[in-house]
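Undergrad: no letters, just coordinates:
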């Protein structure tokens with residue numbers, strides 16, 4: 001699995017995730033991921049994560065297929081950090097540095 005963040009030429013932010021199981025159903029390489037984003041018009045991109053901790057949640061629902069120990073079993077695992085994208089600033093969140 002791979003997760004990336006990109007910027008389109010008009011400034012829109014794009015989030016991308018490609019699922020895969022490292023041994024059973026190999027996902028894309030970093031070069032293939034870059035090509036997928038490029039072919040969709042992404043101007044600048046960053047590869048954020050890869051592997052079993054790479055997952056996406058949309059409107060409170062897991063939309064990726066996180067895997068465990070290179071098996072087809074779907075599971076979620078704890079991570080130390082995450083990235084949240086909101087359409088507008090949330091009230092009372094203060095300033096981030």
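TA: Now that the structure is in, tell me what you want to look at. Keep in mind that what you see is a predicted model, and the values were worked out from it rather than measured.

Undergrad: and the next helix or strand past the lowest-mean-pLDDT helix or strand in the chain?
TA: Lowest by mean pLDDT, DSSP states H and E among the helices and strands of the chain is strand 57-58, with a mean of 78. Tracing the chain past strand 57-58, the next element assigned as helix or strand by DSSP states H and E is strand 61-62.

Undergrad: show me what that next one is packed up against.
TA: Under the contact definition 3 or more C-beta pairs under 8 Å, 6 or more residues apart in numbering; DSSP states H and E, strand 61-62 sits against no other helix or strand. The C-beta positions use only the backbone N, C-alpha and C, and glycine is treated the same way.

Undergrad: outside of the least confident helix or strand of the chain, which residues touch it?
TA: With C-beta atoms under 8 Å, 6 or more residues apart in numbering as the test, strand 57-58 has contacts from residue 63.
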